[in-house]
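> got a structure for you, letters missing:
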């Protein structure tokens, strides 16, 4: 059921996270990643950054390269050793990131255009197929929601895929990461975060609703896939193949491969900046904080690239196991990241108010505000509870051995013990206090912006906009 990603759209109330981050924009290579957590969540901030963000993105690179090799198997069927493709993909991704934020941005621009065209085309095609306009002329509508049904294994079945769904949504917060490197985040951020909302609505909700209409959950090709990233088991490809359209499944498989590589590209960008931020906060080796003249965290990129060598497991017999364990580390980490983002925003606003500041002093503020953050934090907690339940008592657990249940729990909840392994030692060694609202440091590293001048420039520019542009900017 691809559309089980729906619940995850409530975990991070867009555009709350990025606007939260830039309501307190800082200097340097995204030091807000460390600074706001440091001053509001302290030890948990360190643990969350190390596991739920730095480690998450470091693991995503080899994971996505392994997934990309699986898409290649759609054509090669294993006739070419996957490690050959691993080497090619790894070199391409690292080269893009060596061009800095400009190279990353240009590459993602191209990738995004391809994905947008593909998804919009698929939505149009999906509507036609569901309405019976395909080559076979069969009306589908909501028949698959009646037979075999909409929810496989009921509510527990829905909860059991939260890790995969959370992994698919991870990266939406990168807009805030990139904002710290823009000249005027107050101007660029509003448009960026609104587009994140529309991308989630269009690319996820609408397209996956159509997939749910076109592909029944008991399709044998779904069950026979070697992993959730196997393109031969992709519901998008299956829905097109079921319609009897030749050639198009291969085209869409190319799009899947590009999308997978795009995430790998973002993982190097995100992990290298996070490592630099940790070093800036004295929470990682100092050399990781080195930024060259072109603004690149070179050592962070090197570390990410070296860990990318794990992708060469794709050429071994343990390919599927490697993919599942890397997904276990990075998938649930997104929930901890989003939860801590919402909690940091709540605590920051409280500290800001206690210190006697007003919201007018912020360069930008989150549209959903505190209410949106509380809703997001609550949903994240619910997902963690549901995931613990499905990990402890998975579907069919009565027929599983003790060892199988243990492996299942760790694959479903591995991020939790890992984050505790960072939190507890850090708390004991450094004896960090629980930061009270009136003790928060809200000024160290703050980015100096002339708000009065910026607001005046914005109002002058907006006054010259035609009506259509004002309406467009209101939503986009």
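That came in fine, so what should we check first? Note that the coordinates shown come from a computational prediction; the quantities given were computed from them, not determined experimentally. Numbers count the residues shown, from 1 in each chain.

> contacts and neighbour counts: CA atoms only from here.
Will do.

> low-scoring stretches of the chain, by residue?
1-52, 174, 176-183, 223-233, 445, 447, 449 (pLDDT under 70).

> so which other helices or strands are in contact with the longest helix seen in it?
When the chain is parsed with DSSP state H, its longest helix is helix 248-280. Packing contacts for helix 248-280, counted by 3 or more CA pairs under 8 Å, 6 or more residues apart in numbering; DSSP states H and E, involve helix 32-40, helix 56-76, helix 82-98, helix 100-130, helix 235-242, helix 298-307.

> can you say which of those helices is nearest to residue 356?
helix 32-40 (16.7 Å; CA to CA).

> tell me the contacts of the residue positioned nearest the centre of the chain?
Central residue of the chain (CA atoms, centre = their mean): residue 170, 1.2 Å from the mean position. Residues near residue 170 by CA atoms under 8 Å, 6 or more residues apart in numbering: residue 334.

> ditto for residue 285
Residue 285 touches residue 279, counting by CA under 8 Å, 6+ apart.

> now the phi/psi pair for it, please.
phi -50, psi 140 (degrees, to the nearest 10).

> please determine how far it is located from residue 396.
In this view, residue 285 and residue 396 are 45 Å apart by CA to CA, to the nearest Å.

> ok, residue 435 next?
In this view, residue 435 and residue 396 are 44 Å apart by CA to CA.

> again, but for residue 337
30 Å.

> more crowded one of the two?
residue 337 (22 against 9; other CA atoms under 10 Å).

> do a quick rundown of the helices in the stretch 101-250 of the chain.
Taking DSSP state H, counting those that start in this stretch as the criterion, the stretch 101-250 of the chain contains helices spanning 143-144, 154-159, 162-169, 174-179, 185-199, 207-214, 220-223, 235-242, 248-280.

> now do the helix or strand harbouring residue 453 and helix 185-199, the angle between them.
Under the criterion of DSSP states H and E, residue 453 resides in helix 451-463. Helix 451-463 runs at 50 degrees relative to helix 185-199, counting by axes from the mean of the first three to the mean of the last three CA atoms, to 10 degrees.

> got the contact list for helix 451-463?
With contact meaning CA under 8 Å, 6+ apart, helix 451-463 is reached by 187, 361, 363, 470.

> what about residue 409, distance to residue 402?
Applying CA to CA, the value for residue 409 to residue 402 is 11 Å.

> so these two - more neighbours on which side?
Higher neighbour count among residue 409 and residue 402: residue 409, with 20 against 11, using other CA under 10 Å.

> circling back: may I see the helices and strands packed on helix 248-280 arranged in a markdown table, with distance to residue 382 and mean neighbour count as well?
Listed next are those as a markdown table, based on distance: least, CA to CA, whole Å; neighbours: other CA atoms under 10 Å:
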| stretch | distance to residue 382 | mean neighbour count |
| --- | --- | --- |
| helix 32-40 | 22 | 25 |
| helix 56-76 | 21 | 25 |
| helix 82-98 | 36 | 19 |
| helix 100-130 | 30 | 16 |
| helix 235-242 | 28 | 20 |
| helix 298-307 | 32 | 20 |
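
> residue 373 is nearest to which of those?
The nearest among these, by CA to CA, is helix 32-40 at 14.8 Å.
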